[in-house]
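A.B. asks: dropping the sequence and predicted coords here.
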Amino acid sequence: MYALVEFKGKQYKVEKGTLLKVDLIDAEPGTAISIDTVLLVSADTVKVGSPYVEGAKVSAVVESHEKDEKIIVFKYKPKKDYRRKQGHRQQFSVIRIDGISA
């Protein structure tokens, strides 16, 4: 059984026990969250929402908050002595899917 959910403007395919890297959530680790924006549920039959499946819900738990690898942004213009170097580390949350209820 799997589901397609929309969470914070992005779409994810989830199953029970899946670990997801999502944009940073303002919740402590160990907090239970529920996702109501379910686009599709596939069990014995496939239910497609328009835009969301009514009554479908995905429950999850926030596992941790982490930082991604560093990305280097380097701009330069040849022969003009123009160089700019900037680094960035995106923060994200890891959530574990507990169950899918249709």
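C.D. replies: Looks like it came in fine.
A.B. asks: buried set for stretch 69-81?
C.D. replies: Neighbour counts over stretch 69-81 (16 or more other Cβ atoms under 10 Å) mark no residue as buried. The way it works is simple: take the backbone N, C-alpha and C, and place the C-beta from them, glycine included.
A.B. asks: and the end-to-end length of it?
C.D. replies: 29 Å (Cα to Cα, to the nearest Å).
A.B. asks: so that it lines up with my notes, have the first residue be 7 from now on.
C.D. replies: All set: I'll call the first residue 7, so the last point we hit is now stretch 75-87.
A.B. asks: determine how far that stretch lies from the middle of the whole chain.
C.D. replies: Relative to the centre of its chain, stretch 75-87 is centred 30 Å away, using Cα atoms, centre = their mean, to the nearest Å.
A.B. asks: repeat for stretch 45-63
C.D. replies: Relative to its parent chain, stretch 45-63 has a centroid offset of 19 Å by Cα atoms, centre = their mean.
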